[in-house]
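Trainee: Here is my input, please return the structure:
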Amino acid sequence: MTSTHAVPAEDADPDADEIGVDESFDRYARMVRRAIGVPVALVSLVEAHRQLFIGAQGLEDELMALRQTPLSHSFCQYVVADEAPLVTADARVEQRLRDNLAIPDLGVVAYAGYPIRDQQDRVIGSLCAIDDTAREWTPEELSALEDIAAACTTEIVQRQQKRHAARTAARARDLNERSALLLALAESLSATRTVVDVAAAVDGVAREHLGALVAGIWIAEDDTVRRTADLPTHVQHAPGLLSYVRHLGEQWHSARLNDVLPADLSNPLGLALAEGRIVWFPDRHRQNAVYGGLNLERQVGEARAFVPLTHRGRAFGGMAVIWPESRDLGHDVLDTLQALGRYAAQALGRALLLQEQSDALMVLQGALQPRLPETDEMLMAARYRPAAARDQIGGDWYDAVLMPSGDTALMIGDIVGHDLQAAATMGQVRATLRTLAWSQDEAPSALVGKLDQALTDLQVEAMATLVYLRIETWDRTGDRVLRWTNAGHPPPLVVCPEGTVRFLAEDAPDVMLGVAPDAERGDHRLSVPPGATLLLYTDGLVERRGESLVDGLDRLAEVAATHGRRPIGEFVDGVLTDLLGLEQADDVAVLAVRFV
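Mentor: Take a look at the predicted model:
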């Protein structure tokens, strides 16, 4: 056979890819040549525009290398079309075959081909014997050809089944890995409260489960979010700027060099957001060829993907994932990245909502904090610090009221609870006591007794600790007189001018508010000299899990003595800084007075 019309190789049909082309099928062709004694034997798969010889014996070298011809040179196509054997002693006299170019170009004269099938029982090709002269095929030759075709079919089916089983197992592994990734991401993101938490969780999951070198988030700046009519319908808001979110331990220097990006087509994150799709590059050189305007110093990794972070019609930003090696991202990886982006966007939405709520609560808390009176005889400073793990609001409070008599009333308290309800109750308690203090010129114990009874009569369900203290006029020695009552609250302290510290704790404190409205309460009295500093505070300043209150009070006394000579505002800040760590466990309110 000659090969004057052989065509260049094309991508193999999926069936051919699955079955493979190797010496196993050449073996079947050799079996045909030995059993029948023909010059050429083929195992041929018929595709849409060609026939592919996965097994062959007796072809010319050039055609043996190509292993294919167009269908214009194919008799095997008729076996597939008819789903039946094709046997001819001389194709030149057959009306159906005589015009086939395989006769003049390849020298095909006698032909006998039997169907070969796949695992779906489809006829996909032919096992054939070819002679370049006319010959009558004997029943024994055709029977042998049929048997060898059946054996060839069996091997094809087995190969397909093995490939299918391997693909199924690989798919199962991929699904398990994807499920593990999404589970890990869901677990990591469920505990996030801030944008920084989300960025850290995404980075960790991408490293552990996607084999990424690093992953990061660029988030929309709140003050640049705007409506954009020409965006896709799934994104109704687009950020004007994207800012990189740093988190503890990250050292992605090239991200920091590009920490602020415009949300437009000048960078891949902007493109991903604008088109609502993942933009990816198999290596950094192909990215840089398109986006040469980026700051490309200190780049890391190779393959990279940029994922839009959108949820419920809002664009929260974009995510970049970098792999250490060059790679093409298949459908499974892209599907996983899309899921990762959806989870991250939802977590960002929740974190931003929490931040908005926190900001609103801070405004509310600020509104609830009183304005301290200003006098020539006293300097005052106060602070409120919420717990690190809770909203920016709670039941700790302080107040100072300049009374018609000229005395000053100081109050500090702690409502049981650490939420918005506690803050609302705190507002009622503080307003009631402030009114009583201004309108009733009575001893502190009597006033707090009236407060306790009023809360009961007004059905304000509140349990609280409280110190109510009056700063009265100067006594004969030139000192100021303090009179106070304590309803279950930690004792205030006085830092004397010489640096000694004294707690206002003559007796055990009285019962807290909301327990026994008719309980008897006591008053205490102390004179303090000019230059002394009075500090009222809530229990979060001194109480620590696993230690006694005495230890906390001793620590407070030492710190207060250390800062006692500093200006009043610096005194308060110094005490808070020394006693409160980064992970403050409870709300804290403090109120300090320096007697001039």
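
Trainee: Give me the distance between P104 and A48.
Mentor: Going from P104 to A48 by CB to CB, to the nearest Å gives 24 Å. Just so you know, the C-beta spots here come from the backbone N, C-alpha and C atoms, and that holds for glycine as well.

Trainee: Of the two, which one has the most company?
Mentor: Between P104 and A48, counting by other CB atoms under 10 Å, P104 is the more crowded of the two (14 against 6).

Trainee: got a list of what that one touches?
Mentor: With contacts defined as CB atoms under 8 Å, 6 or more residues apart in numbering, P104 has no neighbours.

Trainee: tell me which element it falls in.
Mentor: Element membership for P104 (DSSP states H and E) is helix 102-106.

Trainee: which parts of that helix are buried?
Mentor: Using 16 or more other CB atoms under 10 Å as the test for burial, helix 102-106 gives 102-103, 105-106.

Trainee: repeat for stretch 201-214
Mentor: 201-206, 209-210, 212-214.

Trainee: Next step: those residues restricted to strands.
Mentor: Using DSSP state E, the subset of those located in strands is V214.

Trainee: Could you point out which of the buried residues of stretch 201-214 is nearest to Y468?
Mentor: Y468 lies nearest to A201 out of the buried residues of stretch 201-214, by CB to CB, at 46.9 Å.

Trainee: residues contacting the closest one?
Mentor: Applying CB under 8 Å, 6+ apart, the residues near A201 are 185, 188-189, 192, 347.

Trainee: For those, pick the one with the most neighbours.
Mentor: A347 leads the contacts of A201 on contacts (other CB under 10 Å) with 28 neighbours.

Trainee: My read is that that residue contacts T192, right?
Mentor: Yes - the criterion here is CB atoms under 8 Å, and A347 meets it with T192 at 5.4 Å.

Trainee: Now do the next helix or strand after the helix holding P104: which elements does it pack against?
Mentor: Per DSSP H and E, the first helix or strand lying C-terminal to helix 102-106 is strand 110-117. On a contact count with 3 or more CB pairs under 8 Å, 6 or more residues apart in numbering; DSSP states H and E, strand 110-117 meets helix 76-82, strand 86-88, strand 123-131, helix 139-190.

Trainee: Strand 110-117 pairs with which strands, and in what direction?
Mentor: Counting by DSSP bridges, the strands paired with strand 110-117 are strand 86-88 (antiparallel), strand 123-131 (antiparallel).

Trainee: of those strands, which approaches Y78 most closely?
Mentor: Closest of the strands paired with strand 110-117 to Y78 is strand 86-88, at 5.0 Å (criterion: CB to CB).

Trainee: farthest pair in the buried residues of stretch 201-214?
Mentor: A201 and L213 (16.9 Å).

Trainee: about what we covered before: save the strands paired with strand 110-117 as a markdown table, and put in mean neighbour count too.
Mentor: Putting the strands paired with strand 110-117 into a markdown table (neighbours: other CB atoms under 10 Å) gives the following:
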| stretch | mean neighbour count |
| --- | --- |
| strand 86-88 | 21 |
| strand 123-131 | 26 |
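
Trainee: Would you confirm that F306 contacts A272?
Mentor: Yes - F306 is within contact range of A272, at 4.4 Å (criterion: CB under 8 Å).
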